[in-house]
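**Q** I would like to see how this sequence folds:
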Amino acid sequence: MKHVYLTIATFFYTGYFPKGSGTFATACFLPFYYFLFRDMPPLLYAGITIALYFVGVWASNYVEAILKKTDPSEVVIDEVVGFLITMFLIPYSFKRMMIGFVVARVLDIIKPFPAYQSQVLRGGNGIMIDDAISGVYGWILMIVLVHFKML
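**A** Below is the predicted model:
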């Protein structure tokens with residue numbers, strides 16, 4: 001079962017990339033987004049994103065114990081979920097996907113209020129929630145950019 005937790009939390013072990021594991025994992029997720037998520041019905045997209053969030057909390061709890069680290073950098077499922085939230089209901093184009101990638105990564109790194117503060121939550125909740133909050137900020141920014149035809 002240990003391998004199941006690690007596979008999920010590290011997004012197929014991309015979290016072990018030595019530098020910028022969150023960015024690397026999100027970049028590795030882009031083909032999944034392109035082939036599976038870009039034209040998905042919104043209700044299904046939202047359902048899968050919410051399910052991935054809770055599966056991420058579950059797996060991250062165990063991976064913290066396995067790796068004996070608090071919020072290990074190897075756990076990157078949170079970045080994947082943050083990107084999915086950022087791109088929710090954004091009409092697909094390659095340019096939008098790439099800008100969404102950058103927006104999601106920048107907001108995850110700067111952690112706008114209350115994302116940074118939410119990290120005090122323990123275990124998988126603390127790991128996942130800051131990226132979800134940053135993803136909501138990213139989603140709002142993407143919606144504004146699309147609405148005002150800046151993308």
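**Q** Can you tell me which helix or strand of this structure has the lowest average pLDDT?
**A** helix 115-118 (a mean of 89; mean pLDDT, DSSP states H and E).
**Q** helix or strand right after it?
**A** helix 123-147 (DSSP states H and E).
**Q** Would you mind pulling up the elements that that following helix packs against?
**A** helix 42-67, helix 77-86, helix 94-110, helix 115-118 (3 or more CB pairs under 8 Å, 6 or more residues apart in numbering; DSSP states H and E). In this view, the C-beta of every residue, glycine as well, is placed from N, C-alpha and C.
**Q** how about the longest one: buried residues?
**A** The one in question is helix 42-67. Across helix 42-67, burial judged by 16 or more other CB atoms under 10 Å covers 45, 48-49, 52-53, 55-64.
**Q** Closest one of these to Phe83?
**A** Thr49 (9.7 Å; CB to CB).
**Q** Spatially nearest residue to the closest one (excluding sequence neighbours)?
**A** Leu84 (4.5 Å; CB to CB, 6 or more residues apart in numbering).
**Q** Quick one: residues contacting that neighbour.
**A** Neighbouring residues of Leu84 by CB atoms under 8 Å, 6 or more residues apart in numbering: Tyr33, Phe37, Tyr45, Ile48, Thr49, Leu52, Gly135.
**Q** For these, point out the one with the lowest pLDDT.
**A** Checked by pLDDT, those have Phe37 as the lowest-scoring entry (95).
**Q** before we move on, the earlier item: of all the buried residues of helix 42-67, which two lie farthest apart?
**A** Between any two of the buried residues of helix 42-67 (CB to CB), the greatest distance is 28.2 Å, for Tyr45 and Glu64.
**Q** Phi, psi for the closest residue to Gly126 other than its chain neighbours please.
**A** Nearest-residue entry for Gly126: Gln119, 5.2 Å, with adjacent residues in sequence omitted and distances by CB to CB, 6+ apart. When read as degrees, to the nearest 10, the backbone of Gln119 gives phi -70, psi -10.
**Q** Next one: Gln119 relative to Ala65, how far apart?
**A** Relative to Ala65, Gln119 is positioned 18 Å away (CB to CB, to the nearest Å).
**Q** picking that back up, what about the residue nearest to Gly126, how many residues nearby?
**A** By other CB atoms under 10 Å, 17 other residues sit near Gln119.
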